[in-house]
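Chemist: 3D model of this:
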Amino acid sequence: MKVNGQPSVQSFNPTGGAKKAPKQQSEDIADRVDVGGARPTNYTKGVRGNDKPRGNQELNRKHWKEHSQNGSINAAGQAGLPGAIAAANLHYPDGRWDLKALADKAMVEGKLAIDYPAAVKSQVADIMKQVRPSEGVYNLPEAAKAPWVRDLRSEHFISIDNGTLWTKMDPAELAKDPEANMTSKDLDQIQGMPVKHPNGDITMKIAVSDVDAFVPKGSPLDKFMDVNGSSVYTPDKIYNLIPKELAEDVISLNPREDRFATIIEFTVTPDGKVKDEDVYQAIVNSKAKLDYSSVGAWIDGKAEPSPAMKQDDKILESIKLQDEASQRLKAARKERGALDFESTEVKINVKDGNATGFEISEKNRATELVENCMVTSNEVISRFLHSKGMPTLERVVVPPEKWDQIQQLAADHGAKLPAEPNGKALADFLDAQKAKDPEGFKDLSFSCIKLIGRGEYTAVGPNDPLPGHFGLGSKNYSQCTASIRRGGDRIAGRMLKAALEGKASPYSPGELNSFAENVTMKEQTTKKVERQIEKSVMATMLEKRIGEQFDAVVSGVKGEKIWIKLNDPPIEGSLQGGGKAKVGQKVHVELKSVNVEKGFIDFVRA
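Modeler: Numbers count the residues shown, from 1 in each chain. The predicted structure is shown next:
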């Protein structure tokens with residue numbers, strides 16, 4: 001295979017084995033993680049409320065009879081679903097709770113797979129034989145031979161993902177491996193070196209992994225990805241959407257290795273406008289793997305650059321320019337009504353099978369940098385695909401039905417919101433409250449998130465009205481930046497290939513609607529299962545704290561059921577016999593009981 005004159009040993013054809021390239025100088029790769037013609041309109045279909053439009057968004061909806069994909073979705077998962085897990089198997093011999101067994105049990109009860117069927121394992125083995133035929137050899141996929149594929153291997157790309165602040169690491173360990181503080185192994189996206197123009201514009205290139213290049217539509221793994229819909233993360237066990245051999249090696253955009261990727265290119269003006277958009281495919285080679293904590297600390301002036309950030313003289317300049325473009329995008333998005341919440345991520349620390357405590361991570365400039373790049377990429381690819389006459393799988397958050405409760409929440413803080421949902425007004429209120437009461441802003445953010453409601457996936461035809469994303473203030477939003485862990489993201493890659501080839505959409509309206517329904521329902525299921533498992537693990541830590549009292553905030557109300565969230569420890573539970581309550585209300589509670597197996601944590605008013 002040749003890519004712009006660069007020779008390679010072979011290319012991998014996911015549907016027909018490896019194809020020999022013309023005889024060229026062999027080159028082993030070092031061994032080292034939103035034109036196809038318009039489709040019919042009226043793709044858009046709701047997945048909740050018996051297809052009734054929600055909020056103030058009047059969507060163009062239509063029932064489609066073609067739902068054959070659901071049958072394959074159900075059949076594909078059966079081999080990965082074992083029988084019921086007996087309660088007796090939930091403990092280690094010494095009596096401690098087995099956190100992995102608790103997770104397996106919750107997964108099975110949620111009708112999610114905990115292992116890969118034989119057909120999937122066979123497909124993955126075949127892929128590995130062709131892509132990694134011997135040590136130190138990596139064969140690019142057949143899709144990399146397409147005439148439109150560009151060669152960007154000489155350009156400077158870096159990844160920023162999860163890891164440990166480098167100052168907390170053993171210096172000797174970092175001396176051996178400057179990237180030893182990285183924990184992420186499945187790298188979905190990398191950012192290229194921005195170009196700053198004389199007029200102040202900054203051109204960005206974001207590369208995202210391409211699952212479809214190795215996992216064609218209709219293959220065993222493709223069908224299996226619809227069983228769970230996404231990776232499922234629990235404190236002591238991760239259920240990967242795709243096997244590790246692919247997630248952490250073949251598809252992952254690992255540093256210092258050639259990879260096939262989708263490139264989303266755009267230019268950010270000084271006032272945050274996005275222009276000169278383009279989407280294409282290319283061969284890339286990332287130069288470094290960095291972590292959020294260290295990059296964020298350096299941007300904020302709280303730490304020196306990590307050893308990984310000093311691997312070459314371009315990395316720091318790249319981070320500076322990426323951050324500058326990111327802050328422009330953030331400011332412009334806020335002007336159009338994007339909501340900026342104070343979010344925290346709680347990680348339960350597990351050691352030797354025991355839950356030992358909590359680790360709380362908050363957003364910093366590095367997480368903002370990646371988030372703003374990814375949001376913009378999702379917007380750009382949606383616009384690009386629609387411009388080529390392609391349908392898209394849109395991530396939708398409609399204006400909230402519970403706007404009256406958000407109005408009341410604002411009134412409780414001395415503010416007044418418009419009668420109808422208005423993202424800009426809500427964003428301004430949140431900004432004012434963050435400045436006024438930084439400590440209470442986390443609880444306010446959490447309450448607003450609960451009242452706005454969850455998102456869903458919707459199939460949108462090339463001529464259909466776009467439902468939009470209320471929380472982001474976005475009209476177009478088709479997720480494509482996390483295809484290794486999020487099943488719906490592979491749709492954009494398939495649509496892009498069809499558009500570049502001048503072909504029609506690979507999905508009919510019925511197929512895409514069925515896909516949207518399934519991935520939405522599976523997201524709800526996996527989130528519910530993740531919450532149950534987290535509560536089960538937290539319950540193991542609270543068994544000896546029955547009777548203790550805590551400060552909490554009401555996080556949800558449904559009929560007579562009330563849910564609350566504690567700040568310390570950062571857990572959620574139910575409030576029994578709590579009487580009347582409203583989201584955002586502060587309460588003082590006492591821990592009444594826990595049920596580890598079911599993940600129940602129950603409180604009463606103190």
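
Chemist: Please make it C-alpha for all contacts and neighbour counts, starting now.
Modeler: Will do.

Chemist: now the longest helix seen in the chain: how far from the chain's centre is it?
Modeler: The helix that spans the most residues within the chain, counting by DSSP state H, is helix 509-542. On the basis of CA atoms, centre = their mean, to the nearest Å, helix 509-542 sits 13 Å off its chain's mean C-alpha point.

Chemist: what's the answer for stretch 180-200, then?
Modeler: Using CA atoms, centre = their mean, the offset of stretch 180-200 from its chain centre is 17 Å.

Chemist: For it, measure first residue to last.
Modeler: Chord length of stretch 180-200, first to last residue, is 36 Å (CA to CA, to the nearest Å).

Chemist: got it, and stretch 166-180?
Modeler: End-to-end for stretch 166-180, by CA to CA: 9 Å.

Chemist: From V195, how far off is D151?
Modeler: From D151 to V195 the distance is 18 Å (CA to CA).

Chemist: How about I564?
Modeler: 47 Å.

Chemist: Next, the closest residue to L575 other than its chain neighbours: secondary structure please.
Modeler: Among residues not flanking L575 along the chain, F603 sits closest, at 4.8 Å (CA to CA, 6 or more residues apart in numbering). State at F603, reduced to three classes by DSSP: H, G, I helix; E, B strand; the rest coil: strand.

Chemist: Heading C-terminal from the longest helix of the chain, find the next helix or strand.
Modeler: Tracing the chain C-terminally past helix 509-542 and defining elements by DSSP states H and E, one meets strand 549-558 next.

Chemist: Tell me the strands beside the helix or strand following that following strand, with direction?
Modeler: Where DSSP H and E defines the elements, the next helix or strand beyond strand 549-558 is strand 561-566. Next to strand 561-566 in the sheet, as set by DSSP bridges, lie strand 549-558 (antiparallel), strand 572-575 (antiparallel).

Chemist: What are the contacting residues of stretch 587-600?
Modeler: 87, 102, 532-537, 539-540, 542-543, 545-554, 573-574, 601-606 (CA atoms under 8 Å, 6 or more residues apart in numbering).

Chemist: List only buried entries from these.
Modeler: 102, 532-537, 539-540, 542, 549-554, 573-574, 601-605 (16 or more other CA atoms under 10 Å).

Chemist: got a list of what the closest residue to L369 other than its chain neighbours touches?
Modeler: Distances taken as CA to CA, 6+ apart place S326 nearest to L369, at 5.2 Å, with adjacent residues excluded. Taking CA under 8 Å, 6+ apart, we find S326 in contact with 368-370, 372-373.

Chemist: any chance of those residues in a markdown table, with distance to L472 and pLDDT too?
Modeler: As requested, the contacts of S326 are exported to a markdown table (distance: CA to CA, whole Å; pLDDT from 0 to 100):
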| residue | distance to L472 | pLDDT |
| --- | --- | --- |
| E368 | 13 | 95 |
| L369 | 15 | 97 |
| V370 | 15 | 97 |
| N372 | 10 | 96 |
| C373 | 13 | 97 |
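
Chemist: Now for those residues, which sits with the most neighbours around it?
Modeler: C373 (26 neighbours; other CA atoms under 10 Å).

Chemist: Distance of it relative to Q327?
Modeler: 10 Å.

Chemist: For K320, what is the enclosing helix or strand?
Modeler: helix 315-335.

Chemist: scratch that, I238
Modeler: strand 237-239.

Chemist: Give me the sheet partners of that strand and which way each runs.
Modeler: With DSSP bridges as the test, strand 237-239 pairs up with strand 232-234 (antiparallel).

Chemist: This structure - how does it break down into domains?
Modeler: 2-32+34-400+453-537, 546-606 (automatic domain parsing).

Chemist: between those, which gets nearest to P418?
Modeler: domain 2-32+34-400+453-537 (12.9 Å; CA to CA).

Chemist: who's more crowded, I564 and V195?
Modeler: A direct count of neighbours by other CA under 10 Å for I564 and V195 places I564 higher, at 24 against 16.

Chemist: Roughly how far does the spatially closest residue to that one that is not a sequence neighbour sit from K565?
Modeler: Setting aside the residues directly before and after it, I564 is nearest to V554 in space (CA to CA, 6+ apart), at 4.3 Å. Distance of V554 to K565, computed by CA to CA: 6 Å.

Chemist: Find me the pLDDT at R336, would you?
Modeler: We have a pLDDT of 89 for R336.

Chemist: pretty sure it contacts K424?
Modeler: Yes: if you go by CA atoms under 8 Å, R336 and K424 touch, sitting 6.2 Å apart.

Chemist: more crowded one of the two?
Modeler: Between R336 and K424, counted using other CA under 10 Å, the more crowded position is K424 (18 against 15).

Chemist: In space, what's closest to the more buried one - neighbours in sequence excluded?
Modeler: That would be G337: by CA to CA, 6+ apart, it lies 3.7 Å from K424.

Chemist: returning to what we had before: which positions in the helix holding K320 come out as buried?
Modeler: Buried, per 16+ other CA under 10 Å, within helix 315-335: 315-316, 318-319, 321-330, 332-335.

Chemist: which residue ranges form the strands in the stretch 251-400 of the chain?
Modeler: Ranges of strands in the stretch 251-400 of the chain, per DSSP state E, counting those that start in this stretch, are 258-268, 274-291, 344-351, 354-362, 392-396.

Chemist: Kindly compare burial across those and name the winner.
Modeler: strand 392-396 (a mean of 27; mean count of other CA atoms under 10 Å).

Chemist: follow-up on the earlier one: from D323, how far out is the residue nearest to K424?
Modeler: Counting by CA to CA, the gap from G337 to D323 is 21 Å.

Chemist: swap in L430?
Modeler: In terms of CA to CA, L430 sits 23 Å off from D323.

Chemist: Narrow the contacts of S326 to those in helices?
Modeler: 368-370, 372-373.

Chemist: Would you format those as a markdown table with distance to A144 included?
Modeler: Formatted as a markdown table, the ones in helices among the contacts of S326 follow (distance: CA to CA, whole Å):
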| residue | distance to A144 |
| --- | --- |
| E368 | 31 |
| L369 | 29 |
| V370 | 26 |
| N372 | 28 |
| C373 | 24 |
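
Chemist: Quick one: residues contacting the residue nearest to K424.
Modeler: Taking CA under 8 Å, 6+ apart, one finds 422-427, 471-473 in contact with G337.

Chemist: Which single one of these is nearest to I263?
Modeler: L472 (22.1 Å).

Chemist: who are the neighbours in contact with that closest one?
Modeler: 333, 337-339.

Chemist: Tell me which helix or strand it sits in.
Modeler: Assigned by DSSP H and E, L472 falls outside every helix and strand.

Chemist: Please tell me how far it sits from G455.
Modeler: Applying CA to CA to L472 and G455 gives a distance of 11 Å.

Chemist: And the most centrally placed residue in the chain, how close does it get to S574?
Modeler: For the chain, the residue nearest the mean C-alpha position is A482 (5.4 Å; CA atoms, centre = their mean). Separation of A482 from S574 (CA to CA): 33 Å.

Chemist: could you measure V380 against K168, distance?
Modeler: Taking CA to CA, one finds V380 at 38 Å from K168.

Chemist: out of the two, which sits in the more crowded spot?
Modeler: V380 (23 against 8).

Chemist: Would you mind confirming that the more buried one is in contact with E277?
Modeler: Yes: the pair V380 and E277 qualifies as a contact (CA under 8 Å) at a distance of 6.7 Å.
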